[in-house]
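# Generate coordinates for the sequence data below:
(one chain, ligands or ions: 1)
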Amino acid sequence: MEDTLQDEAWKDSFDKLLEPRPQLRLLNIIKTNVRASFNLDSSVENSNHSILENDKKAGSEQHILDGCDVLKKFGTSCNSISTPFGKRLGTDLFHCGISPITGMKLDGFGGYTEKPWILNRNTDRVEDFVELHIKKRVCFEVESKNTIETIRNSKKKSDELGIRSSLVLQPGKWRKSLNSWRRTQVVEPTLNRSDNSRLLTARASRQVSPSKGRKSVFLNDCNNIITDYESQVLKHCDQRKPLRFEVVYAPSKMMNTKKIGEGAYGEVFKYTMKRKKRDTRNCDVVLKVIPIEGSTEVNGELQKTFEQILPEILISKKMCSLRLGKNNTTHGYANIYKVSLVKGKYPEHLIKLWESYDEEKESENDHPRIFADDQLFIVLELKFSGEDMSSFKFVNAEQSYYVLQQIMLALAVGEEECQFEHRDLHWGNILIEPTIKKEISYKFHTKDLKVFSKGVKVTIIDYTLSRITIDEFCNFNDLSSDEELFAASGDYQYDIYRLMRDELKNNWASFAPKTNVLWLSYVTAKLIDGVYYKSANTKLHKLYIEKLRTFQSTILSFESATHCAKQVFDLN
Ligand SMILES: Nc1ncnc2c1ncn2[C@@H]1O[C@H](COP(=O)(O)OP(=O)(O)OP(=O)(O)O)[C@@H](O)[C@H]1O
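Now for the predicted structure:
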């Protein structure tokens, strides 16, 4: 207790006005001089509870029920795993693949053969969800055909029965799906009944002011509070002022440029860096372009501020620096070459590439021409690290077994070096690239460890939800009021968010490395029954699928990735 603070020491005068919170210093995360900040982005950190509460107080029933309501209806607490137990609810409540935890069927595990159903609230008829929409599947989905029959037979509206359609998201990247879902909540004409119109208004107003929920809590030592975030960002960019976007990323400096992806916050391009003479090696670089500080909403979100982008830069740099650690090292996190602050017109050649991507894949993001000529952008330059796990074609389960070991060790090193929890390690955030190296090297508790590569190397990306301690500075994303993410279903992934919430007792500041174990369980499930294998009919494949299954049956007994790695690599 000597190196901890007095109970009230971390509060400022504003904090004292707020309702009492658990004492963070008792949660094993706050030492003297530690400052906690939860100013990272969260999709639903912007939830406006007061509006919803007022809405309820005003006596309006919540007719757009969420997943919790379904569970309450069936007598299950929303704090526990949301996937209901099959026996109690019938086998078919969520038409999905097997959840390793409940033995329930979860979507995304058994292939995508079955067409989803939707309830047309105009006609109260259940219809097949047309192919066109499957591509961007964000919908109200009725839980079961039994339920559908019940609704049909009783000729009652679903919400009169207390049965609701749940929020079903696609496996993987959820933020954009959730944003679209919120938008459909507002414009969905069939929901426009008077008794839920106030709720719709509440959701609508939440959506247009998404950054209001951001906050930072400083625990002590106000002298350390960063106030000039712009200077801090410039410092990390090694710049004194913003550079001109068109000049820094002129087409003459880039080869084979292509847009390869998009996030809720920005565009992702890939190019081959032009090397100096004599240097024959080509280097594939990824540009993550994030607009900041502008007043224009982008992709349905307010732009990040300097204050909000700073943690993303700090965490990316910290995770990258783990390749140079003294006692623990890994190359398992994105290799960041450079961060730049640029200003001005979006380069024309990048706009053209944006349009080609849009034609081919139909972008969900806003056209870059929406930006004013004085728009600021942060550009993260990262090493290109391959394809994400959802689209990667594994040779066999032997290869994926060692991929799992790479992920486990990378997480263990993160835990040891900076109390890192990824908290969003779905298969879209695991990149896989070919390598000619036979083994991937780590240092763990000063010991050199090697894992067979089996021809591939893993990189973990996207630290938006991650929790980390850097130089006595604890950074995390407060998801405590993220109702919709916790109400989502459609994949074991969405159970993991609820399981994390239980593990953390909804205190997202605390360090609970068990969350990494939960994601390892999810990854194992995907490797057993989710990813694509080229040679699934070999003995070797079957042998390693068995090994994965054995691992899956014990994984949840570990306390952390560190604990797990010590066991697997016999380090005790
Ligand atoms: N280093 C990299 N190498 C290869 N592809 C990458 C790399 N970094 C990002 N990508 C691609 O770009 C996509 C978006 O990147 P990222 O997840 O970092 O963006 P984001 O804006 O944080 O997304 P989100 O919507 O989840 O918040 C990834 O899914 C991946 O396909």
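# contacting residues for the closest residue to the ligand within the stretch 151-300 of the chain?
In the stretch 151-300 of the chain, the residue that lies nearest the ligand is residue 263 (1.8 Å; C-beta to the nearest ligand atom). Using the backbone N, CA and C atoms, a C-beta is placed for each residue, glycine as well. By C-beta atoms under 8 Å, 6 or more residues apart in numbering, residue 263 lies in contact with 173, 175-176, 288, 462.
# Tell me which of those fall in helices.
Counted as lying in helices by DSSP state H, out of the contacts of residue 263, are 175-176.
# contacts with the ligand among the contacts of residue 263, please.
173, 175-176, 288, 462 (C-beta under 6 Å from any ligand atom).
# which of the residues you listed tops the neighbour count?
Highest neighbour count within these: residue 288, with 25 neighbours (other C-beta atoms under 10 Å).
# pretty sure that residue is touching residue 262, no?
No - assessed by C-beta atoms under 8 Å, residue 288 is found out of contact with residue 262, at 9.9 Å.
# Near the ligand, which residues of the protein? Just list them.
With the criterion set to C-beta under 6 Å from any ligand atom, the chain comes near the ligand through 173, 175-176, 260-261, 263-266, 268, 286, 288, 334, 382, 384-385, 388, 428, 431, 461-462, 464.
# ok, now with 5 Å
With C-beta under 5 Å from any ligand atom as the criterion, the chain meets the ligand at residues 173, 175, 261, 263-265, 268, 286, 334, 382, 384-385, 428, 461-462, 464.
# Please spell out which residues along whichever strand or helix holds residue 541 are buried.
In this structure, residue 541 sits in helix 539-555 according to DSSP states H and E. Neighbour-count burial for helix 539-555 flags 541, 544-545, 548, 551-552, 555 (criterion: 16 or more other C-beta atoms under 10 Å).
# could you pull out the strands for the stretch 201-350 of the chain?
Shown for the stretch 201-350 of the chain, the strands assigned by DSSP state E, counting those that start in this stretch span residues 243-244, 254-262, 267-273, 283-292, 336-343.
# Actually, the stretch 351-500 of the chain.
So, for the stretch 351-500 of the chain - with DSSP E, counting those that start in this stretch - the strands run 376-383, 387-388, 393-394, 430-434, 439-444, 447-452, 456-460, 468-470, 473-475.
# Mean confidence (pLDDT) on the second one, please.
In this model, strand 387-388 carries a mean pLDDT of 96.
# list the helices and strands it packs on?
On a contact count with 3 or more C-beta pairs under 8 Å, 6 or more residues apart in numbering; DSSP states H and E, strand 387-388 meets strand 430-434.
# Can I get whichever helix in the chain runs longest in CSV, CA atoms only?
Longest helix in the chain, counting residues (DSSP H): helix 397-418. C-alpha atoms of helix 397-418 as CSV (Å, rounded to 0.1, in the frame of the first residue of the first chain):
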residue,chain,number,x,y,z
ALA,A,397,-4.1,-27.6,-39.2
GLU,A,398,-0.4,-28.1,-38.4
GLN,A,399,0.2,-24.7,-39.9
SER,A,400,-2.7,-23.1,-37.9
TYR,A,401,-1.6,-24.8,-34.7
TYR,A,402,1.7,-22.9,-34.9
VAL,A,403,-0.1,-19.8,-35.8
LEU,A,404,-2.0,-20.1,-32.5
GLN,A,405,1.3,-20.5,-30.7
GLN,A,406,2.6,-17.3,-32.3
ILE,A,407,-0.5,-15.4,-31.2
MET,A,408,-0.2,-16.8,-27.7
LEU,A,409,3.4,-15.8,-27.3
ALA,A,410,2.8,-12.3,-28.7
LEU,A,411,0.0,-11.8,-26.2
ALA,A,412,2.2,-13.2,-23.4
VAL,A,413,5.0,-10.8,-24.2
GLY,A,414,2.5,-7.9,-24.3
GLU,A,415,1.2,-8.8,-20.9
GLU,A,416,4.6,-9.1,-19.4
GLU,A,417,6.0,-5.8,-20.9
CYS,A,418,3.0,-3.5,-20.6
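# circling back: where do the contact lists of residue 288 and residue 262 overlap?
The contact lists of residue 288 and residue 262 share residue 268, where a contact means C-beta under 8 Å, 6+ apart.
# Contacts for stretch 266-286, please.
253-262, 287-291, 337, 350, 353-354, 365, 368, 381-385.
# Quote the end-to-end distance of stretch 235-250.
23 Å (C-alpha to C-alpha, to the nearest Å).
# can you check stretch 340-349 too?
Stretch 340-349 end-to-end distance (C-alpha to C-alpha) = 19 Å.
# likewise stretch 452-464?
Across stretch 452-464, the terminal residues are separated by 29 Å (C-alpha to C-alpha).
# Tell me how many other residues surround the residue lying closest to residue 490 once chain neighbours are set aside.
Closest residue in space to residue 490, ignoring its immediate chain neighbours: residue 168 at 4.2 Å, by C-beta to C-beta, 6 or more residues apart in numbering. When neighbours are counted by other C-beta under 10 Å, residue 168 registers 25.
# list the contacts for residue 512?
Contact analysis of residue 512 by C-beta under 8 Å, 6+ apart lists 421, 500, 503-504.
# out of the ones next to the ligand among the contacts of residue 263, who's nearest residue 359?
Using C-beta to C-beta, residue 176 is the member of these that lies nearest residue 359, at 19.0 Å.
# surely that closest one meets residue 265?
No - between residue 176 and residue 265 there is no contact under C-beta under 8 Å: 9.9 Å.
# Give me the common contacts of the two.
Residues touching both residue 176 and residue 265 by C-beta under 8 Å, 6+ apart: residue 299.
# The spatially closest residue to residue 556 that is not a sequence neighbour: which element?
Closest residue to residue 556 apart from its sequence neighbours, by C-beta to C-beta, 6+ apart: residue 521 at 5.7 Å. Using DSSP H and E, residue 521 maps to helix 514-529.
# Walk me through which strands the following helix or strand past that helix pairs with, and which way each runs.
Downstream of helix 514-529, the next assigned helix or strand under DSSP H and E is strand 532-533. Here strand 532-533 has these sheet partners by DSSP bridges: strand 393-394 (parallel).
# tell me the angle of the helix holding residue 521 relative to strand 456-460?
Helix 514-529 runs at 140 degrees relative to strand 456-460, counting by axes from the mean of the first three to the mean of the last three C-alpha atoms, to 10 degrees.
# What would helix 514-529 look like as CSV? C-alpha coordinates only.
Taking C-alpha atoms only, helix 514-529 is exported to CSV below (Å, rounded to 0.1, in the frame of the first residue of the first chain):
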residue,chain,number,x,y,z
LYS,A,514,-7.8,-13.5,-18.7
THR,A,515,-9.4,-11.5,-21.5
ASN,A,516,-6.4,-12.5,-23.7
VAL,A,517,-7.3,-16.1,-22.8
LEU,A,518,-10.9,-15.6,-23.9
TRP,A,519,-9.7,-14.4,-27.3
LEU,A,520,-7.3,-17.4,-27.5
SER,A,521,-10.3,-19.6,-27.0
TYR,A,522,-12.1,-17.7,-29.8
VAL,A,523,-9.1,-18.0,-32.2
THR,A,524,-8.9,-21.7,-31.4
ALA,A,525,-12.6,-22.2,-32.2
LYS,A,526,-12.1,-20.4,-35.5
LEU,A,527,-9.0,-22.6,-36.4
ILE,A,528,-11.0,-25.7,-35.6
ASP,A,529,-14.1,-24.8,-37.4
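# re the thing from before, need the strands of the stretch 201-350 of the chain in CSV with mean pLDDT, can you?
What follows is the strands of the stretch 201-350 of the chain, written out as CSV (pLDDT from 0 to 100):
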stretch, mean pLDDT
strand 243-244, 98
strand 254-262, 95
strand 267-273, 95
strand 283-292, 96
strand 336-343, 97
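# Would you reformat the ones you listed as TSV and include distance to residue 318?
As requested, those are exported to TSV (distance: least, C-beta to C-beta, whole Å):
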stretch	distance to residue 318
strand 243-244	24
strand 254-262	23
strand 267-273	21
strand 283-292	17
strand 336-343	10
